[in-house]
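Student: sequence-free structure coming up:
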């Protein structure tokens, strides 16, 4: 097994651990939350799977990008939510049940959406992009759906144990993911640096900003839902995007470099939004006086 394959396996394992950790803190009602909110579900999928792919096409047509950078935009536009998303949105003040329900809905829809979107966007960009439904099913089943379902099952059987086990498992997954992404970044750093100064960085900033704005507007009147959908629309799953890049462009580093660059851009761009939307904590009640 090559070093590149080992690194990719380590990244996928880290994502499995992080999703399992999230599942340990979730109930069945969280998973099915969006089934009880059909209007919010439709607006969410519109933001994730219509607005962003169409804007990716607009960006690619507006800038003179290389084919691999255009491909990276496609990969980012079609990738589902990252496993860190529910906790990230919760820290920003978003509704945890909505974040979990959206993670599940976006993952299930991605099984059908990714192959179709890649075929259509590949034609639009004149790029040989493809991802068979079987590969997508395998990828999202083992890295997202099964770990989440296992965590939710453990939570239902033993909430106390799930509460104790979730945080350390999540930390192990986070450390493993960080090590894997840093290793990949070291390998693709020269390719990443070629994206600075040619309009790619600016396009990614705009892409992230449009994602935040679209999610915020389509999230509805509830501030907690707006936060969740804004962050979900701007954030993409690096592991799945890189895995798709490896299938379509084996040995190429530019597409993976563009995905990681967008990961950094999103983290920076989202900070002001999270600070702006973070709700102040309710003041503690004053002690009763005699």
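Tutor: It's in. Owing to the predicted nature of the structure, the values given are computational and were not obtained by experimental measurement.

Student: Next secondary structure element downstream of the helix or strand harbouring residue 14?
Tutor: Remark: residue 14 resides in helix 3-24, with elements defined by DSSP states H and E. Downstream of helix 3-24, the first helix or strand assigned by DSSP H and E is helix 28-31.

Student: So which residues make contact with the one helix or strand residue 229 maps to?
Tutor: Using DSSP H and E, the element containing residue 229 is helix 223-234. For helix 223-234, contacts defined as C-beta atoms under 8 Å, 6 or more residues apart in numbering pick out 40, 43-44, 47-48, 51-52, 81, 85, 88-89, 92-95, 98-99, 102, 106, 208-209, 211-216, 218-220, 266, 269-270, 273-274, 277, 279. Every residue, glycine included, has its C-beta placed from N, CA and C.

Student: Please flag which of those residues sit within strands.
Tutor: The strands, defined by DSSP state E, take in nothing from the contacts of helix 223-234.

Student: Just the buried residues out of those, in PyMOL syntax.
Tutor: With 16 or more other C-beta atoms under 10 Å as the criterion, this PyMOL line picks the buried residues out of the contacts of helix 223-234:
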select buried, resi 40+43+44+47+48+51+52+81+85+88+89+92+93+94+95+98+99+102+106+208+209+211+212+213+214+215+216+218+219+220+266+269+270+273+274+277
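
Student: before we move on, back to that, now the helix holding residue 14: average pLDDT?
Tutor: Averaged across helix 3-24, pLDDT comes to 80.

Student: which helices and strands sit right next to that helix?
Tutor: Under the contact definition 3 or more C-beta pairs under 8 Å, 6 or more residues apart in numbering; DSSP states H and E, helix 3-24 sits against helix 146-157, helix 159-193, helix 238-248.

Student: Can you say which of those helices is packed in most?
Tutor: Highest mean neighbour count of the helices and strands packed on helix 3-24: helix 238-248, a mean of 23 (counted as mean count of other C-beta atoms under 10 Å).

Student: and residue 23, what is it in contact with?
Tutor: Counting by C-beta under 8 Å, 6+ apart, residue 23 touches 147-155.

Student: And the helices and strands packed on helix 3-24: which comes nearest residue 135?
Tutor: Closest to residue 135 of the helices and strands packed on helix 3-24 is helix 238-248 (C-beta to C-beta; 6.8 Å).

Student: And the contacts of the closest one?
Tutor: 4, 8, 11-12, 15, 71-72, 75-76, 78-80, 82, 110, 114, 118, 128-131, 135, 139-140, 143, 181, 184, 252, 255-256, 259-260, 263.

Student: try 6 Å this time
Tutor: Helix 238-248 has contacts (C-beta atoms under 6 Å, 6 or more residues apart in numbering) with 11-12, 15, 75-76, 79, 129, 131, 255-256, 259, 263.

Student: any idea which of those residues is closest to residue 167?
Tutor: Of these, the one sitting nearest to residue 167 (C-beta to C-beta) turns out to be residue 15, at 16.9 Å.

Student: ok, which stretches of the stretch 1-150 of the chain are helices?
Tutor: 3-24, 28-31, 38-46, 52-62, 67-78, 85-91, 96-125, 133-140, 146-157 (DSSP state H, counting those that start in this stretch).

Student: Centre of the chain to the fifth one, how far?
Tutor: Okay, so that is helix 67-78. 15 Å (C-alpha atoms, centre = their mean, to the nearest Å).

Student: All set now, cheers.
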